[in-house]
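Participant: what would the 3D arrangement of this be:
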Amino acid sequence: MPDKSRPSAGASVTATGDTPADVSAGTPPTTPRRSEGPRVKPKNGMDRYFEISARRSTVSREVRGGLTTFFTMAYIVVLNPIILTSIAGPDGVPGADVEGTVLPFGSIAAVTALLAGALTILMGVVGRYPFALATGLGINAIVAVFAATQLSWPEVMGLVVLEGLLITVLVLTGFRKAVFEAIPPQLKTAIAVGIGFFLTIIGLADAGIIRPGTPLITFGVGGQLAGWPMLVFVVGLLLTSVLVVRRVKGALLIGIVVTTVIAIVVEAIAEIGPRFGADGAVNDRGWALQVPALPGDIVGVPDFSLLGNFSLFGAFERIGVIAALLVVFAIMIADFFDTVGTVTAVGAEGDLLDEKRNLPRSQPVLLVDSLAAAAGGAGSVSSNTTYIESTAGVADGARTGLASIVTGLLFLVAVFFTPLVAVVPTEAAAPALVIVGALMISQIRHLAWDDMSLVIPAFLTIALMPFTYSITNGIGAGVVSFVLLRLATGRRRDVHPLMWVIAILFVVYFALEPLQQLF
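Facilitator: Okay, the predicted model is just below:
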């Protein structure tokens, strides 16, 4: 879409020329959506149900988009077990909880894929949008920390179940949708832009282009792009960029597949190995996560022993009611607003939002997402949530729930083909994330730049997402500063009543550490 600069206050009109834009409230000029236009007669029942033609899509695009989303987020099948078993318990054993129990790595992988498949299919059928779900990154790290320091695995998973049930109640009462719609358009746009930068930094970190260092992050290895995996990423990024610019159908998917083949050939010749060895050795020039080698075994027998391994109220007995509720609150805030950001960003990328930057018929989407949180706890693999990597599939053409069904089916297949899924290295998927980030930051043209009380909240939202590696932190900083600056400039009437509630909740969220120490 062509970039249109924002008209000045007093002269700002919508793209249709009907209604002045509400600059003071940060409402962006309305731009026509690609999905708008004359109603298209559905070709068959499936077309009618998923609105494929109505959203200017085709079955082939949906299948392609579903494939792209799967390959972009398939890493979670391997990464989730690593995160949940990475933090040492009281006895120094990696992955052990306070009682010394270690979760079985293989079972975490199998259940992670199973739930991702089932819940993504449910999202496609019920939500009818191209959103994929899996274990939430960030939330699983929070869960791992609590398990290693305060609770047993069943107890912390019980709190995840309670958190999911609580959010489900908020959805059924309409509160979650009301909160979603109460966030002003300026912040919703900033969320989409911030997630674009967030995806970019994830991709660069996955490829090893940026790494933790002094004073903050470093470029490659010692300031150099050293090692074959980085070269594979750079080649993949340049290839995918060319394909996208030339508007090749399935550009992101082609980029992932071709880069994976290159990675397999490179590993077969150079025998690079992983960045982090099983013996604790570090190879700065190794592959970040999966080593792209053809597996000896393609099919594996899944282990579902973790299903149902949770204690609903065990945490209350171990650490007390108030402390347990604070843990539930921390997980709920992260889950709640990660979804707000993801839905906004994916919807914006697919031109699925309405003129107020809201997702039409969002209630089923929010309901499935909430049930997914509880399902993740019941499966003992942490809360499941809507994945920002869904934007990769949307950027490759997906517009309906049919793409989610394709992604979900692939995850169910991955339950039995976990060794094959591990062939795709993060260096091959990372270029797609960077390209999607570039596509998403184009939303920045909708922001208001002539009012600092709107610019600062938008800036904090955009900056804190990548710099703190958290969608929730970015939204929280934006909400709190927006309310404060509206009040400071005498424009409290611009603040939706629910925004006051959200701001107070975020203040409590940011103060959780001292509150937990207190109780």
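Participant: now the residue lying closest to M230 once chain neighbours are set aside, what's its secondary structure?
Facilitator: Spatially, and ignoring its direct neighbours in sequence, M230 is nearest to G208 (5.7 Å; CB to CB, 6 or more residues apart in numbering). Any C-beta I mention is one placed from the backbone N, CA and C, and that applies to glycine too. Per DSSP: H, G, I helix; E, B strand; the rest coil, the secondary structure class of G208 is coil.
Participant: OK, contacts around G208?
Facilitator: Shown in contact with G208 (CB atoms under 8 Å, 6 or more residues apart in numbering): G220, V221, G227, P229, M230, F233, R275, A288, E427.
Participant: again with G347
Facilitator: Residues counted as contacts of G347 (CB under 8 Å, 6+ apart) are Y129, L353, L359.
Participant: quick one: F416 from A192, how far?
Facilitator: 36 Å (CB to CB, to the nearest Å).
Participant: what about these two, which has more around it?
Facilitator: With neighbours defined as other CB atoms under 10 Å, F416 and A192 compare such that A192 has more, 28 against 15.
Participant: for the helix or strand harbouring the more buried one, give the mean pLDDT please.
Facilitator: Assigned by DSSP states H and E, A192 belongs to helix 185-206. For helix 185-206, mean pLDDT is 85.
Participant: tell me what it is packed against?
Facilitator: In terms of contacts (3 or more CB pairs under 8 Å, 6 or more residues apart in numbering; DSSP states H and E), helix 185-206 is packed against strand 210-212, helix 321-349, helix 426-440, helix 452-468, helix 471-488.
Participant: mind redoing it with 6 Å?
Facilitator: helix 321-349, helix 426-440, helix 452-468 (3 or more CB pairs under 6 Å, 6 or more residues apart in numbering; DSSP states H and E).
Participant: quick one: which of the contacts of G347 has the most company?
Facilitator: Among the contacts of G347, Y129 has the most neighbours (other CB under 10 Å), with 31 neighbours.
Participant: need the winner for burial among the helices and strands packed on helix 185-206.
Facilitator: helix 426-440 (a mean of 26; mean count of other CB atoms under 10 Å).
Participant: please save the CA atoms from that helix in CSV.
Facilitator: Output of helix 426-440 as CSV, limited to C-alpha atoms (Å, rounded to 0.1, in the frame of the first residue of the first chain):
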residue,chain,number,x,y,z
THR,A,426,16.3,-21.4,13.6
GLU,A,427,18.8,-19.7,11.2
ALA,A,428,16.5,-20.9,8.3
ALA,A,429,13.2,-19.6,9.9
ALA,A,430,14.7,-16.4,11.3
PRO,A,431,14.8,-14.5,7.9
ALA,A,432,11.0,-14.9,7.6
LEU,A,433,10.7,-13.2,11.0
VAL,A,434,12.9,-10.3,10.0
ILE,A,435,11.0,-9.8,6.7
VAL,A,436,7.6,-9.9,8.5
GLY,A,437,9.0,-7.3,11.0
ALA,A,438,9.8,-5.0,8.0
LEU,A,439,6.3,-5.5,6.7
MET,A,440,4.7,-4.7,10.0
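Participant: so where's this structure uncertain?
Facilitator: Residues of the chain meeting the criterion pLDDT under 70: 1-40, 86-95, 138, 214, 278-280, 419-422, 516, 519.
Participant: contact partners for the residue nearest the centre of it?
Facilitator: The chain has I388 as the residue nearest its centroid, 3.0 Å off, counting by CA atoms, centre = their mean. I388 makes contact with I195, T342 under the criterion CB atoms under 6 Å, 6 or more residues apart in numbering.
Participant: next one: T168
Facilitator: Each residue near T168 by CB under 6 Å, 6+ apart is listed here: S370, L371.
Participant: helix, strand, or coil at it?
Facilitator: Secondary structure assignment for T168 (three-state DSSP): helix.
Participant: next, F276: phi, psi?
Facilitator: Torsion angles at F276 (phi, psi; degrees, to the nearest 10) stand at phi -120, psi 120.
Participant: beta partners of it?
Facilitator: Counting by DSSP bridges, F276 is bridged to V282.
Participant: count the residues that sit near it.
Facilitator: There are 15 residues near F276, going by other CB under 10 Å.
Participant: do A54 as well
Facilitator: Using other CB under 10 Å, the number of residues around A54 comes to 17.
Participant: which of the contacts of G347 lies closest to S57?
Facilitator: S57 has its nearest neighbour among the contacts of G347 in Y129, at 11.9 Å by CB to CB.
Participant: that older thread, and of the contacts of G347, the nearest to V299?
Facilitator: Y129 (32.2 Å).
Participant: ok so, going back, the contacts of G208: which two are farthest apart?
Facilitator: By the measure CB to CB, V221 and E427 form the most distant pair in the contacts of G208, at 14.0 Å.
Participant: before we move on, back to that, okay, the contacts of G347 in TSV with distance to I254 and secondary structure next?
Facilitator: What follows is those, written out as TSV (distance: CB to CB, whole Å; DSSP: H, G, I helix; E, B strand; the rest coil):
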residue	distance to I254	secondary structure
Y129	24	coil
L353	28	coil
L359	29	coil
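Participant: with distance to V434 as new columns, can these be given to me in JSON lines?
Facilitator: Below are the contacts of G347 laid out as JSON lines (distance: CB to CB, whole Å):
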{"residue": "Y129", "distance to V434": "24"}
{"residue": "L353", "distance to V434": "23"}
{"residue": "L359", "distance to V434": "25"}
